[in-house]
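Enquirer: next one to model:
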Amino acid sequence: MLRSVFAKTLRDQRRSLAWWSVSLVLIVGMYVAIWPSVRDQPSVGDFLDQMPEAIRSLFASSGADMSTPVGYLQVELMSFLGPAVVLLYAIGAAVAAIGGEEEHHTMDLLLANPIRRSRVVLDKFAAMAVGTFLLAAVTGTALVAEGQITGMDLPVGNVAAAMLHLAMLGVVFGSLALALSGWTGWAGLSRGIPAALAVVAYAVNALAPLVDWLEPLQKLSPFYQYIGGDPLREGVDLPSVLVSVTTTAVLVALAVVGFRRRDIAA
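Expert: Residues are numbered from 1 along each chain as shown. From the prediction side, this is the model:
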């Protein structure tokens, strides 16, 4: 008899999480290894200033300076690639949790156990969230450990804060995928809509300072909650974290309601 959907889900993901972790360590190592050559370029500090403002805003937070370790990581890792990797994992794990089970016709076997549907959703969400936070922790640990090798002076507390914000970004979009999967059971739709909305949210947050009509929408973007407070330099932005937590709670509640109300295909 199945005793824990949470434990089973994490066990099923162990190989995937291992590969994701190794990939992140290697990605971080690549950027850390490049840092000394970037640092030694006297003109690197002017690199961003020479770009058109619209292009610069897409991959650099306000005040980013590539001549410093923090500014370099903001531009090269934290603005785009880091979030992209975490979002790919979180959305994929959330879709596999319900829509994937239904596509592979294993959900009926799972529900044959004496487990409430709400418990299935909550355990699947917990496994996705733990996996997302694990990948963020691996990234942060790699940044601090590998950064010491090349003389990167990274504040450990701020790195931890940035990883918290990064993990919450992934969990928000993973929760959206879970909610769509819970209501529809369609894996493709549950994967495609969050991915498309992530692109839109990224663009809104990046371009809002330059486009007047986007400015009122900026604070609604999960990417604003992720990087608007500049956690790699300023530490945890508690209001942004609370917004992300609230958004996640609402989406998970919707996932529970949708999954409980729907007929599950065998």
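Enquirer: how many other residues sit next to Lys8?
Expert: Residues lying near Lys8 (other C-beta atoms under 10 Å) number 15. Quick note: C-beta positions are derived from backbone N, CA and C, even for glycine.
Enquirer: how near is it to Ile34?
Expert: In this structure, Lys8 and Ile34 are 40 Å apart, going by C-beta to C-beta, to the nearest Å.
Enquirer: which residues of this protein score low on pLDDT?
Expert: 1-3, 40, 42-65, 265-266 (pLDDT under 70).
Enquirer: can you pull out the helices in it?
Expert: Using DSSP state H, the helices of the chain run over 5-12, 14-39, 53-59, 69-73, 81-95, 101-103, 107-111, 117-149, 156-184, 187-207, 222-227, 231-234, 238-261.
Enquirer: out of the ones you listed, nearest to Glu215?
Expert: Across the helices of the chain, Glu215 has its closest neighbour in helix 187-207 (9.5 Å, C-beta to C-beta).
Enquirer: so what touches that closest one?
Expert: 54, 57-59, 80, 83, 87, 91-92, 94-96, 98-100, 102-103, 173-174, 176-178, 180-181, 184, 214, 217-218, 220-224, 227-228 (C-beta atoms under 8 Å, 6 or more residues apart in numbering).
Enquirer: for it, buried residues please.
Expert: By 16 or more other C-beta atoms under 10 Å, the buried positions in helix 187-207 come out as 187, 189-191, 193-194, 198, 201-206.
Enquirer: go on, stretch 126-134?
Expert: Quick answer for stretch 126-134 (16+ other C-beta under 10 Å): Ala127, Met128, Ala129, Val130, Gly131, Thr132, Phe133, Leu134.
Enquirer: same check, this time on stretch 155-169
Expert: Asn158, Val159, Ala160, Ala161, Ala162, Met163, Leu164, His165, Leu166, Ala167, Met168, Leu169.
Enquirer: between those, which is closest to Ser4?
Expert: Ala167 (22.4 Å).
Enquirer: which residue, other than its chain neighbours, is closest to that closest one?
Expert: Distance criterion C-beta to C-beta, 6 or more residues apart in numbering; nearest residue to Ala167, sequence neighbours excluded, is Ala136 at 3.8 Å.
Enquirer: how much space separates that neighbour from Ser118?
Expert: Distance, Ala136 to Ser118, by C-beta to C-beta: 27 Å.
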